[in-house]
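*Asks:* Whatever this is, show me its structure:
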Amino acid sequence: MFWIYYLIIVILPGVGLCILNHNAPMMTETIGVSTALAATVVSLVSFCNGFARFIFGFFFDKLGVIKSLILVSVETLMSTIFIFIGLSSKNIIIYIIGAALLLISYGCNATSIPSVMRELFGHRTFSLNYSILSTQAIWAAFFPVIIGSVQSHTNTYVMPSMLLIIFSIISIMILLFL
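*Replies:* Next up is the predicted model:
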């Protein structure tokens, strides 16, 4: 069960990192907004990440582990769909909604990791499990590289945004085994 959770924790933050790394270029290159607007949106959407970290503890306490993980995974999927639609239709509002939702999900996920670890795997092995789980950042860092590579080959962020949807669906499918 630990390795199933590990895969989820690689995928969900990996998808979030894609937006953190490619947010401004997605807006300027694919939608065509100015760099000034893109910079403003990046700042505002990043606030969602911090805000989510603050409020998600409340939801985690109310919903429990599995429902919280489902909520974060479904929110990630919904956000990637909004991002895809926003990029495909060149609609900045839909894109911003998707990016904001994704960074809320990213923040929620980061906040829940220690609590999920304790609840699913116990206090006795927490230190070892948490240190192993921390290596997920290495693998998650490859997601923006993959997205950037696909963008370089296709010359658009539409196809990479489809990959974000696929990654999100995979995380939900993996979650079914938890």
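*Asks:* Quick check on the residue of the chain most remote from its centre: phi, psi?
*Replies:* What lies farthest from the middle of the chain is R124; by Cα atoms, centre = their mean that is 29.2 Å. Dihedral angles of R124 (phi, psi; degrees, to the nearest 10) stand at phi -60, psi -40.
*Asks:* Likewise for N91?
*Replies:* Dihedral angles (degrees, to the nearest 10) for N91: phi -100, psi 110.
*Asks:* Pull up the per-residue confidence for it.
*Replies:* What the model reports for N91 is a pLDDT of 98.
*Asks:* Give the full set of residues in contact with it.
*Replies:* By Cβ atoms under 8 Å, 6 or more residues apart in numbering, N91 lies in contact with I31, I85. The C-beta positions use only the backbone N, C-alpha and C, and glycine is treated the same way.
*Asks:* From M173, how far off is it?
*Replies:* 29 Å (Cβ to Cβ, to the nearest Å).
*Asks:* swap in E119?
*Replies:* For E119, the distance to M173 - Cβ to Cβ - is 22 Å.
*Asks:* These two - which one has more neighbours?
*Replies:* Neighbour count, other Cβ atoms under 10 Å: between E119 and M173, E119 has more, with 15 against 10.
*Asks:* For that one, what is the enclosing helix or strand?
*Replies:* Using DSSP states H and E, E119 maps to helix 92-121.
*Asks:* Buried residues, that helix. List them.
*Replies:* Buried residues in helix 92-121, counted by 16 or more other Cβ atoms under 10 Å: 92, 94-113, 115-117, 120-121.
*Asks:* One more: stretch 166-178?
*Replies:* F167, S168, S171, I172, I174, L175, L178.
*Asks:* Ok, stretch 146-155 next?
*Replies:* In stretch 146-155, counting by 16+ other Cβ under 10 Å, buried: I147, G148, V150, Q151.
*Asks:* Pull the residues that contact it.
*Replies:* Outside stretch 146-155, the residues that reach it (Cβ under 8 Å, 6+ apart) are C18, N21, H22, P25, Y157, M159, P160, L163, L164.
*Asks:* what's the following helix or strand after the worst-scoring helix or strand of the chain on mean pLDDT?
*Replies:* Every helix and strand of the chain was ranked by mean pLDDT, DSSP states H and E. The lowest is helix 35-63, at a mean of 89. Elements were assigned by DSSP H and E; along the chain past helix 35-63, the next helix or strand is helix 65-89.
*Asks:* if we can go back for a sec, closest to F58 out of the buried residues of stretch 146-155?
*Replies:* Comparing these against F58 with Cβ to Cβ places I147 closest, at 31.8 Å.
*Asks:* Tell me who's in contact with the closest residue in space to that closest one that isn't next to it in sequence.
*Replies:* Using Cβ to Cβ, 6 or more residues apart in numbering and skipping residues adjacent in sequence, the residue nearest I147 is P160, 4.2 Å away. Neighbouring residues of P160 by Cβ under 8 Å, 6+ apart: C18, H22, I146, I147, G148, V150, Q151, T154.
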